[in-house]
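Trainee: Mind folding the following:
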Amino acid sequence: MGGGEQLVIAGYGDIGRRVAALALARGLRVAALVRSEAAAEAARRQGVAVVRGDLDRSDKPVVGLPAAGATVLYAAPPPGGGDSDPRVRVFCGSIEPGAEPRRVIYLSTSGVYGDCAGALVDETTPARGTTARARRRLDAESVLKNWGDHRGVAITILRVSAIYGPGRFPFDRLLGHHPVLAEAESPLSNRIHADDLARICLAAADWTASGDLINVSDGEALTMTAYFDAVAAAFGLPRPPRVSRRAAAAVMSPLMLSYFSESRRLENRRLRERLGTPLLHPDLAHGLAAAVAAGVTPAQPLGSVPLSSSSP
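Mentor: Residues are numbered from 1 along each chain as shown. All right, here's what the predicted structure looks like:
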């Protein structure tokens, strides 16, 4: 994308704001679809044009999206519950014939691959997500691909691993002494730093004219327990207590148990070949050291940070 081109962000959360900052610095025009006045004000302060709309209103399409000929970053997560994503359907239904974007970049999740028992997973691996959240993402991928084929819009799907970085470390769980699985029973997981994901989102617009499917990970696979231990060590916090998988059901939430039930190693060769430039944070140790050097501290309200979340 060159200076002056239009980027539209649907899902103006943490990653959306990071992408907007990079795009504005490049000289792009940026608009964001937002629902609340607080989000609208944050976008205006950033220099982002605001379009008010609610993707949860299936009876009312969004009006005024400046999507014609633009690149759209669709970073809005599906709503909770069910196996489908009604929000992405509202988005597609809001684009009038003749006003299609040039391309849509969709932030999906590597969770669509399901449990692979630690095997290496690339973009040819069949998606077989077993959790409801994975099925919702697969539904959104399918809706967008079918819509793109019908309307002549290039669809690039980024299957994103767990996102970490300032504002996303699991400090609440560490400070609350929540348990993790014993290292020998802990599954392998993959990560990408939030700043690298933002750069990848923007670069994806330059990669392909006809759509693509890209796994997004820094290429390092560690157990989830090793991830928590590394964060604790970097910020001077105690390591979380260990429990066996058998005991975990009594002390972990169903959501946490689902994270600890899937193991895979995400291949990132396609990402590296298309990106062409090194990641800012090629592994967890580098990302943690950068956060410590930047003055990040665990002093934030409990419950404010998700589990190394893959949600944008």
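Trainee: ok, and what's touching the longest helix along the chain?
Mentor: The longest helix of the chain (DSSP state H) is helix 132-151. Outside helix 132-151, the residues within contact range by Cβ atoms under 8 Å, 6 or more residues apart in numbering are 74, 78, 81-85, 87-89, 92, 95, 97, 100, 104, 106, 108-109, 111-112, 114, 127, 129, 153-155, 157, 211, 258. Bear in mind the C-beta positions are built from the backbone N, C-alpha and C, glycine included.
Trainee: Buried residues of it, list them for me.
Mentor: Buried residues in helix 132-151, counted by 16 or more other Cβ atoms under 10 Å: 133-141, 143-145, 147-148, 151.
Trainee: Okay, helices next: where are they in this protein?
Mentor: In the chain, the segments counted as helices under DSSP H are 14-25, 37-46, 86-93, 132-151, 171-175, 194-207, 224-234, 245-251, 254-259, 269-275, 284-293.
Trainee: pLDDT of the fifth one, averaged?
Mentor: Going back to what we said before, that points to helix 171-175. The average pLDDT within helix 171-175 is 94.
Trainee: circling back to that earlier point, just the contacts of helix 132-151: which are in strands?
Mentor: 74, 104, 106, 108, 109, 154, 155, 157 (DSSP state E).
Trainee: Residue ranges in the stretch 101-250 of the chain under the pLDDT threshold?
Mentor: Scanning the stretch 101-250 of the chain for pLDDT under 70 picks out 208-209.
Trainee: now do 80
Mentor: For the stretch 101-250 of the chain, residues meeting the criterion pLDDT under 80 lie at 207-210.
Trainee: sorry, back to before: any of the contacts of helix 132-151 buried? List them.
Mentor: Among the contacts of helix 132-151, those classed as buried by 16+ other Cβ under 10 Å are 74, 78, 84-85, 87-89, 92, 95, 100, 104, 106, 108-109, 111-112, 114, 127, 129, 153-155, 157, 211, 258.
Trainee: Distance of residue 149 relative to residue 82?
Mentor: Distance, residue 149 to residue 82, using Cβ to Cβ, to the nearest Å: 24 Å.
Trainee: Likewise for residue 264?
Mentor: Applying Cβ to Cβ to residue 264 and residue 82 gives a distance of 25 Å.
Trainee: is it possible to export the ones in strands among the contacts of helix 132-151 to CSV including distance to residue 231?
Mentor: Output for these, formatted as CSV (distance: Cβ to Cβ, whole Å):
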residue, distance to residue 231
74, 29
104, 33
106, 29
108, 25
109, 21
154, 37
155, 34
157, 29
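Trainee: With respect to residue 238, which of these is nearest?
Mentor: residue 109 (30.0 Å; Cβ to Cβ).
Trainee: Hmm, the closest one is touching residue 159, no?
Mentor: Yes. Between residue 109 and residue 159 a contact is recorded at 6.3 Å, counting by Cβ atoms under 8 Å.
Trainee: Which residue comes closest to residue 138 once chain neighbours are left out?
Mentor: Excluding the flanking residues, the one nearest residue 138 by Cβ to Cβ, 6 or more residues apart in numbering is residue 112, at 5.1 Å.
Trainee: Now do the contacts for the one you found.
Mentor: The neighbourhood of residue 112, defined by Cβ under 8 Å, 6+ apart, consists of 127, 128, 129, 134, 137, 138, 141, 159.
Trainee: Would you check how far apart it and residue 266 are?
Mentor: Taking Cβ to Cβ, one finds residue 112 at 11 Å from residue 266.
Trainee: What is the burial count for residue 233?
Mentor: Residues near residue 233, counting by other Cβ atoms under 10 Å, number 12.
Trainee: ugh, wrong one, residue 257
Mentor: 14.
Trainee: Tell me if I'm right that it and residue 248 touch.
Mentor: Yes. Residue 257 is in contact with residue 248 according to Cβ under 8 Å; the separation is 6.2 Å.
Trainee: buried ones in stretch 55-62?
Mentor: 55, 61, 62.
Trainee: Next up, the contacts around the last one.
Mentor: Read that as residue 62. Contacts of residue 62 by Cβ under 8 Å, 6+ apart are 33, 51, 53, 54, 55, 90, 91, 94.
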